[in-house]
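# Okay, predicted coordinates and the sequence, questions at the end:
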Amino acid sequence: MITINSVKISSTRLAYKLFGNGKINIVIELGLGACMGEWLHIAERLSHSHTVLLYERAGTNFSEKSTKERTPFHIAQELHELLQSLPHEDKLILLAHSQGSLYAQQFVRLYPEELKGLILLDPLSARDNEFKKLLTPDEFKKSGVDKHSHLGLPKALAKLHLGFLLKTLMKNAPPFYYYEFEAETKEYILNSLAKANTYETAIAEYQLAHDEKNIPDLKKKGSFPDIPLILITHTPQLVEKEIMEFGGASKETAKKIEKIWQDIMKEYLAFSAKSQLIQAKKSCHFIHLTEPELLENALVEIENQ
């Protein structure tokens, strides 16, 4: 059985799990709609030399809904409040995937003195709305960028208590498409994906992360500190193939979408004088599941600076 802990903070109760001994020195910020199960084996792997905090954002899976809107600012505040209740090092390394990267970036700006470094895996950018400006409506639809359109149906099924159907549908979808989880972990993830609150929260997070009034200060360096920042992006050719296969895009359109995606992600490199780019060799969006060694190498790189 997977055991988890929880702690009450001012706006919610957050579920979390610790790996390793000693004070926390690595915090993992999950992608959109993700639960801790997706990262359990990675946190365990990292715990041989670190103490890792995994948690589920308010409203996702075992974490209760928050009294605050799901803006990057509020989410970063809630993570900080969680950390205040747990023993942690004075300087932390934040490891964030996809949408979680936007919250990690916000955290760095709010609490710069508490960061040792930042690792971003295929990060969401505050300039994600550029896709709509640079793509035609048809190209945008085929790109898969609009996550909101993919969350409505599972939310409706979950609210109708058709979780068993959702589990059947999701067994061959990400993250399972990229990694063979242990049976217990697989069930943990599927149970999270069968909950209506997981989708309600993901929709709220996605909408507010694309609401321009919530993200103006997250688009450029501004107050971002010059801490070690390692950006790890997916393999272009593999993602182009997925866009063609699952989105029905032509090769030319897939290349156009992929170039925009890479260009937007690479803008993070201008945030710190100590930034570094690593491009995965055999990964699509779920780099942590297909090339976990890249995370370990990035951690060593930051610790040696």
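Arrived safely. Residues are numbered from 1 along each chain as shown.
# what are the ranges of the helices in the stretch 201-305 of the chain?
Using DSSP state H, counting those that start in this stretch, the helices of the stretch 201-305 of the chain run over 236-247, 251-266, 287-290, 293-303.
# got the CA positions of the third one in CSV?
Meaning helix 287-290. Only the C-alpha atoms of helix 287-290 are listed here, as CSV (Å, rounded to 0.1, in the frame of the first residue of the first chain):
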residue,chain,number,x,y,z
ILE,A,287,11.2,13.0,-20.3
HIS,A,288,11.3,11.9,-16.6
LEU,A,289,9.8,8.5,-17.6
THR,A,290,12.0,7.8,-20.6
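# Against which helices or strands is it packed?
Contact here means 3 or more CB pairs under 8 Å, 6 or more residues apart in numbering; DSSP states H and E; on that basis helix 287-290 packs against helix 293-303. Heads up, the C-betas are built off the backbone N, CA and C, glycines and all.
# Going by neighbour count, which residues of the helix it packs on are buried?
294-296, 298-299, 302 (16 or more other CB atoms under 10 Å).
# which one among the residues you listed gets closest to Leu135?
The shortest gap between Leu135 and any of the buried residues of helix 293-303 belongs to Leu294, at 28.7 Å (CB to CB).
# ok, residues contacting stretch 263-271?
Under the contact criterion CB atoms under 8 Å, 6 or more residues apart in numbering, stretch 263-271 has outside partners 105, 120, 122-123, 125, 127-128, 130-131, 220-221, 224, 229, 231, 233, 275-277.
# that older thread, most tightly packed of the helices of the stretch 201-305 of the chain?
helix 287-290 (a mean of 22; mean count of other CB atoms under 10 Å).
# Give me the contact list for that one.
For helix 287-290, using CB under 8 Å, 6+ apart, the contacting residues are 38-39, 42, 97, 121-122, 175, 178-179, 232, 234, 280, 282-284, 294-295.
# Just the ones in strands from the residues you listed, please.
Those of the contacts of helix 287-290 mapping onto strands are 97, 121, 232, per DSSP state E.
# How about the first one: which residues does it bridge to?
Beta-bridge partners for His97, by DSSP bridges, are Leu121.
# For it, which residues are in contact?
With contacts defined as CB under 8 Å, 6+ apart, the neighbours of His97 are 28-31, 34, 121-123, 287-288.
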